[in-house]
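[1] structural data only, the sequence is not supplied:
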């Protein structure tokens, strides 16, 4: 992602880059990256060997059999290149020492998608440097190695020496080694502790930064540096890396702030930091769909599970889905089992399930393969399920990170996609967080209701297409034990059908999944 973003930035200015928090991690010097840019033009006088030499210097790998990003292949007077930040092929066709044609070829179909007068190629990797910088870096790495070895035990010293000398040899021969970013301080000529280059250094001075879900992103940026330091410490203490690996790091928050010249914070629940430093606060409350924030009901915790079951059944009758949030993983698991025991199709969303598998579980909820999803902290920001008609928040009065005003507002907001939705907070105390969440939700409701009356808008539930299946769920912990016997029967039928149709890979996957489910109930 960062390589594609870098190439886009240096190609043109009017470009939007969608980046994660990884944009504050160390990358190579933008001046080196730009210096190694290589342009090819139609009718340009250049030999095939010169093109190959330039590609190799930019860390492209020749691979005539498996062409992939960052590789090139040569057939006669034709050079096929896939940049490290692209998927399609640039085909350079020469006649003698002259470029006759430059075409873009679809990697899968081999069809021509575009003809070009010129292409601009960037290095295949961020860490690409001149021979002078490379020699200087190798000398500096060797000097640091000598200093560090005297402070290590015999085993650690041997491990570090072997690893570092191998890396140096690879850099000398190929200009690259695995984990080369850990030597970035030496290549950049930085002092220990000095700020590394990052993706933000590739932007012009007047760029606009938009920080989405800023109430989560800002604290995350605060913690990135210390978290990275902790991970590196063990590697360095036990001789797996030189101390200079510390300088291959994300920015500290103070360093990051220097890039915040033109910034827009986006959040339904902005934090204190964003609110304090912002020159202007703009609220976008009125929805074109006319949907109002859900009604909030507060009920006592006594008898909450029976009340919850009653609400769930009423919601299912209307054809809607349900989200239940708990404070602990154990309670979520126990509640899932209990609901399944009452013939309610339930799944549990937990942090151990991989991101793509979580997406598939959400997709199945929308499809109605089950009606209730129970979770802890994964059911907050970014969850957009129009089918959800009821959200139950257990232990809403337990003040803390999961039940502060910001978290409650975010959870309540998951029900703001359905015209029939409502939210119940089970609590015995009316905490400050509950009061703030209820007051803010009601404020937004009133603004939307007033707008609907003024413009004659009738609220309508969002209609959102359901994506195609992209992954099979391998983790089965989210399935209540009561549902497993029936699932095993269904999977055995599907496994036999797959074997009959000679889809043995699918049959093996299903067989293994059945084995895992049987272990759970045994």
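    Arrived safely. Note that the structure is predicted; figures quoted are calculated from it, not measured. Numbering: from 1, shown residues only.

[2] list the contacts of residue 239.
    Residue 239 makes contact with 152, 153, 155, 156, 157, 158, 159, 160, 163, according to CB atoms under 8 Å, 6 or more residues apart in numbering. Placement of C-beta: from N, CA and C, glycine included.

[3] restricted to buried residues, select these in ChimeraX.
    The following ChimeraX line selects those of these that are buried, judged by 16 or more other CB atoms under 10 Å:
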select :152,156,157,159,160,163
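
[4] hmm, which two among the contacts of residue 239 are most spread apart?
    Farthest pair in these (CB to CB) is 153 and 163. Separation: 15.1 Å.

[5] if we can go back for a sec, from the contacts of residue 239, which is closest to residue 101?
    Distances from residue 101 to the contacts of residue 239, taken by CB to CB, are shortest for residue 163, at 46.0 Å.

[6] was I right to think the closest one contacts residue 242?
    No: using CB atoms under 8 Å, residue 163 is not in contact with residue 242, being 9.0 Å away.

[7] wait, isn't residue 298 in contact with residue 430?
    Yes: Residue 298 lies in contact with residue 430 (CB under 8 Å); the separation is 7.2 Å.

[8] these two: which is more packed in?
    residue 298 (17 against 13; other CB atoms under 10 Å).

[9] and the more buried one, that one's in a helix?
    No: going by DSSP: H, G, I helix; E, B strand; the rest coil, the assignment for residue 298 is strand, not a helix.

[10] what about residue 343, how many residues close to it?
    9.

[11] check what pLDDT it gets.
    Looking at residue 343, its pLDDT stands at 90.

[12] tell me the secondary structure at it.
    Relying on three-state DSSP, one would call residue 343 coil.

[13] phi, psi of it?
    phi 60, psi 30 (degrees, to the nearest 10).

[14] what about stretch 325-333, average pLDDT?
    What stretch 325-333 shows for mean pLDDT is 89.

[15] in that stretch, what counts as buried?
    325, 326, 327, 332, 333.

[16] what's near enough to touch the first one?
    It stands for residue 325. Under the criterion of CB under 8 Å, 6+ apart, the contact list for residue 325 reads 374, 375, 376, 379, 391, 392, 393, 394, 402, 411.

[17] hmm, try it at 10 Å
    332, 349, 373-380, 391-396, 402-403, 407-408, 411, 414 (CB atoms under 10 Å, 6 or more residues apart in numbering).

[18] which residues are in contact with stretch 166-175?
    So stretch 166-175 is contacted by 56-59, 61, 125, 127-131, 134-135, 137-139, 141-142, 145, 176-180, 182-183, 186-187, 241-242 (CB under 10 Å, 6+ apart).

[19] please compute how far it lies from its chain's middle.
    Its chain's average C-alpha position is 32 Å from that of stretch 166-175, according to CA atoms, centre = their mean, to the nearest Å.

[20] how about it: buried residues?
    Buried, per 16+ other CB under 10 Å, within stretch 166-175: 167, 168, 171, 175.

[21] now swap in stretch 384-402 and tell me
    385-397, 402.

[22] tell me the SS of residue 323?
    Going by three-state DSSP: residue 323 is strand.

[23] could you measure from the closest residue to it other than its chain neighbours over to residue 297?
    Leaving out its chain neighbours, the residue that sits closest to residue 323 by CB to CB, 6 or more residues apart in numbering is residue 391, at 4.8 Å. From residue 391 across to residue 297, the span is 11 Å (CB to CB, to the nearest Å).

[24] now do residue 213
    27 Å.

[25] overlap in contacts of residue 391 and residue 297?
    311, 422, 423, 424, 425.

[26] how about those, which pair is most distant?
    Of all pairs drawn from those, the greatest distance, 12.3 Å, lies between 311 and 425 (CB to CB).

[27] looking at these two, which one has more neighbours?
    Taking other CB under 10 Å, residue 311 and residue 425 do not tie; residue 425 has more neighbours (24 against 20).

[28] apart from its chain neighbours, what residue comes closest to residue 438?
    residue 296 (5.4 Å).

[29] wait, what's in contact with that neighbour?
    Applying CB under 10 Å, 6+ apart to residue 296 gives the contacts 391, 393, 396, 408, 412, 415, 422-425, 434, 437-438, 441-442, 445.

[30] what helix or strand is residue 225 on?
    helix 214-237 (DSSP states H and E).

[31] please name every helix or strand in contact with that helix.
    Applying 3 or more CB pairs under 10 Å, 6 or more residues apart in numbering; DSSP states H and E, we find helix 214-237 packed against helix 154-174, strand 209-212, helix 253-257, strand 263-266, helix 272-277, helix 405-413.
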